[in-house]
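**Student:** make a model of this:
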Amino acid sequence: MERNQLKRKAVLKELISVLGLIFVIGLFAVLTGGKSVSVTNLKIIVLQALVTLVCAVGSIFVAATGELDLSIGGVIGIASVIGFTMGKGENPLLILLGGVLAGVVCSTLVGFLIHYLNIPGLFAGIVMMSVGKCVAALATQTTQMIVSAKLVWLDQFWFYALVAVVTCFLGYFLLNRTLAGLYIKAIGSNRTATEYSGINVRKYALLAFVFTGFTAGVSALLFMLRLGAVTSTSGSGVEMDVILSMIVGGVSVKGGTSTKIRSAVIGVMMLFVIANGLILV
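**Tutor:** Next up, the predicted model:
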């Protein structure tokens, strides 16, 4: 009986999020005289949302353990600088490789500080966020990191959509179809019970940060393409967009089994529909 009630609550929560998204789209369509739902404007909204969605899918794993990752913006800043340097601003594979390696290392470090050295997550996240901003600012002061014209062919809607879709499917598979994903959600549901059941809680909590770092590295390439360069503000503010998106999408701040990838998709879309609609109004 209790399990059925929990399922009903979860379904109702998701339904409210979907209805909320539909309502917001309809509201701004009326307020803007249909401008917000024009093909051109919808494409702009989706394009902006796709880049943030990649970050949100990764952050979902950390959220599933009951933590909020405030380091994502700083990690993207560091990944952008290292990726650009490795690929010299023109080799997409090297840029992606450098960004992913840097993202995984930085996020893993944050997870290690939180789960192995028992440093509060809020403090560890803010420190990494600040370090990332400093690295991006210092690197761009001494060198102009402008993306080569050779990468213009990747700055297309189809490329962002492809990366976002692949990331969502990968995130869904890892979170719902693997033991690691099951254990990660179990940590958020009841950390003590998970630990007593013989699961290495620290190990799987750290794995959540590893995947977050991977998506941060991928996002670094996407932001680089969107901006055409690495700037002192690369990655700045992304963490707040991601956190707001998850909250709006119905992701529980306590994590657990109710954590779903589709909640991030709904939340990101709603956030950018609202932001775009307010500008048009």
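**Student:** and stretch 81-95, how far out from the chain middle?
**Tutor:** Here stretch 81-95 is found 21 Å from its chain centre; the criterion is C-alpha atoms, centre = their mean, to the nearest Å.
**Student:** mean confidence (pLDDT) on that stretch, please.
**Tutor:** Stretch 81-95 shows a mean pLDDT of 90.
**Student:** same check on stretch 260-278?
**Tutor:** Average pLDDT, stretch 260-278: 90.
**Student:** where does the prediction get shaky in the protein?
**Tutor:** 1-14 (pLDDT under 70).
**Student:** show me where it has its strands.
**Tutor:** Secondary structure of the chain (DSSP state E): no strands present.
**Student:** gap between Ala229 and Ala136?
**Tutor:** Remark: distance between Ala229 and Ala136 (C-beta to C-beta, to the nearest Å) = 11 Å. To be clear about C-beta, it is placed using only N, CA and C from the backbone, and glycine gets the same treatment.
**Student:** okay, the two: which has more neighbours?
**Tutor:** More neighbours surround Ala136 than the other of Ala229 and Ala136, with 26 against 17 (other C-beta atoms under 10 Å).
**Student:** what separation is there between that one and Val75?
**Tutor:** Ala136 is 11 Å from Val75, by C-beta to C-beta.
**Student:** and for those two, which residues touch both?
**Tutor:** Common neighbours of Ala136 and Val75, using C-beta atoms under 8 Å, 6 or more residues apart in numbering, are Gly235.
**Student:** what do Ala229 and Ala136 both touch?
**Tutor:** By C-beta under 8 Å, 6+ apart, no residue touches both Ala229 and Ala136.
**Student:** contacts only, for Val147.
**Tutor:** Val147 touches 84, 89-90, 224-225, 228-229, counting by C-beta under 8 Å, 6+ apart.
**Student:** out of those, who's the most crowded?
**Tutor:** Among these, Met224 has the most neighbours (other C-beta under 10 Å), with 30 neighbours.
**Student:** number of residues surrounding Leu174?
**Tutor:** Leu174 is flanked by 18 other residues according to other C-beta under 10 Å.
**Student:** quick one: it and Lys185 touch, right?
**Tutor:** No - using C-beta atoms under 8 Å, Leu174 makes no contact with Lys185, being 11.1 Å away.
**Student:** measure the closest residue to Leu21 other than its chain neighbours to Leu31 for me?
**Tutor:** In space, and not counting its chain neighbours, Leu21 is closest to Met270: 4.8 Å by C-beta to C-beta, 6 or more residues apart in numbering. For Met270, the distance to Leu31 (C-beta to C-beta) stands at 16 Å.
**Student:** repeat that for Leu122.
**Tutor:** Going from Leu122 to Leu31 by C-beta to C-beta gives 37 Å.
**Student:** show me what stretch 108-120 is in contact with.
**Tutor:** The contact list for stretch 108-120 (C-beta under 8 Å, 6+ apart) reads 62, 67, 69, 71, 75, 121, 124-125, 128, 201-202, 205-206, 208-210, 213.
**Student:** ChimeraX command for the buried members of those residues?
**Tutor:** Buried residues among these (16 or more other C-beta atoms under 10 Å), as a ChimeraX selection:
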select :62,67,69,71,75,121,124,125,128,201,205,206,208,209,210,213
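**Student:** helices - which of the contacts of stretch 108-120 land there?
**Tutor:** Counting by DSSP state H, these place 62, 75, 121, 124-125, 128, 201-202, 205-206, 208-210, 213 in helices.
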